[in-house]
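In: What follows is a predicted structure for the sequence shown.
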Amino acid sequence: MDSRTSETVGPRSEDALPSSATSAVKIVIVGGFGVGKTTLVRSVSEIRPLTTEETMTQASVSVDDLAGVERKRMTTVAMDFGRISLNDELVLYVFGTPGQQRFWFLWNGLFEGALGAVVLVDTRRLEASFDVLGRLEESQTPFVVAVNAFDGAPSYADEELREALDLADDVPLLMCDARSRESSKDVLLSLMRHLYSLAMTSEATT
Amino acid sequence: MTPDAEWDEGSPERLYVLTGGRSGSEETGLDLVTLIMARTAPRIGMQPEHESILRVCQSPLSVVEISAHLELPVSIVTVLLADLLAEDHVEARTPVPSLPDIDIIKAVIHGLQNL
């Protein structure tokens, strides 16, 4: 921890955006715990990734409680994010958020207006992605699937993965190394190229 | 209902006080990534959280970055920003378009390629 006082809270001066920055877009990285979301964010971000937290009260009934009283528990959900200045005016924010959909309501604004999403997958825990994939399809959020290649994790042929994840043919699937800046950049680019082709297709049909 | 002792550090009450008892932010139209910039300097006598926001927004800063730097939930920051917006102490820059327009997609691709 550094010893900054409240007087100096805020971005470091070298992290300040130019005053010409006028608009911002966002991409969401979703995936289970430990799948490498924050690693990917860190690899591409121009600032040290930041964390924002939201707390919620959750009603829970304790079975052991003789009186059966309803208790409330506080749950804190954290979201890490990073930033990329694309040019003097446009800024891209990249968010990493847990895949469990019971937390998503906390980030009501997260998917709204997002360019799209990257589903980050660990082949050792494919089932952790099922919820997310279903939810994205439902909300018609465009996405790509990136498999973070962990050392020692089983590797599968694309067709096997597509089948296991029940992926539509037009959803891009790629391998990545979230620790690598180039590789992480490629993941974001593959999402953007996917968006581009979707936009071109919809333009062609209207 | 829950005895107060069950609550972690009294944090919800503290946040409730910060916003003057208000919650909900739907009407402000602020997105997580709406860029905020201070229009005025912090003034003595302001609520400390308002003052902190003006301090960190000397250059454009997104709502979610304000939240991270001030260590306050986005929901609270949004309420505080609504106060500052109402009094013209800050400006909220162009909101994110709801549908990505082809020019924005191209700009993002171009920007990423140049990283």
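Out: Looks like it arrived, so ask away. Every value quoted in this text rests on a predicted model; they were computed, and no experiment measured them.
In: Excluding chain neighbours, what is closest to whichever residue of chain B sits closest to chain A?
Out: Ranked by C-beta to the nearest C-beta, the top residue of chain B for proximity to chain A is residue B:111, at 2.8 Å. The C-beta positions use only the backbone N, C-alpha and C, and glycine is treated the same way. Excluding the flanking residues, the one nearest residue B:111 by C-beta to C-beta, 6 or more residues apart in numbering or on different chains is residue A:86, at 2.8 Å.
In: and the helix or strand containing residue A:29, which residues are buried?
Out: Assigning secondary structure by DSSP states H and E places residue A:29 in strand A:23-31. Buried residues in strand A:23-31, counted by 16 or more other C-beta atoms under 10 Å in any protein chain shown: A:23-31.
In: now stretch A:196-206
Out: A:196, A:199.
In: List of residues touching it?
Out: A:142, B:100, B:102, B:105-106, B:109 (C-beta atoms under 8 Å, 6 or more residues apart in numbering or on different chains).
In: and the residues you listed, which two are the farthest apart?
Out: The most widely separated members of the contacts of stretch A:196-206 are A:142 and B:106, with 15.7 Å between them, by C-beta to C-beta.
In: Could I get the full set of strands for chain A?
Out: A:23-31, A:50-61, A:70-85, A:90-98, A:116-121, A:143-148, A:173-176 (DSSP state E).
In: To clarify, my last question referred to chain B.
Out: B:35-38, B:61-62, B:90-92.
In: how far does the first one sit from the chain's center?
Out: The reference is to strand B:35-38. 9 Å (C-alpha atoms, centre = their mean, to the nearest Å).
In: Sketch out the low-pLDDT regions of chain B for me.
Out: For chain B, the stretches flagged by pLDDT under 70 are B:1-18, B:20-27, B:94-100.
In: do that again at 80, thanks
Out: Chain B contains residues with pLDDT under 80 at B:1-28, B:94-100.
In: ok now do the residue of chain A found nearest chain B, which residues does it touch?
Out: Residue nearest to chain B within chain A: residue A:86 (2.8 Å; C-beta to the nearest C-beta). Residues near residue A:86 by C-beta under 8 Å, 6+ apart: A:92, B:107-108, B:110-112.
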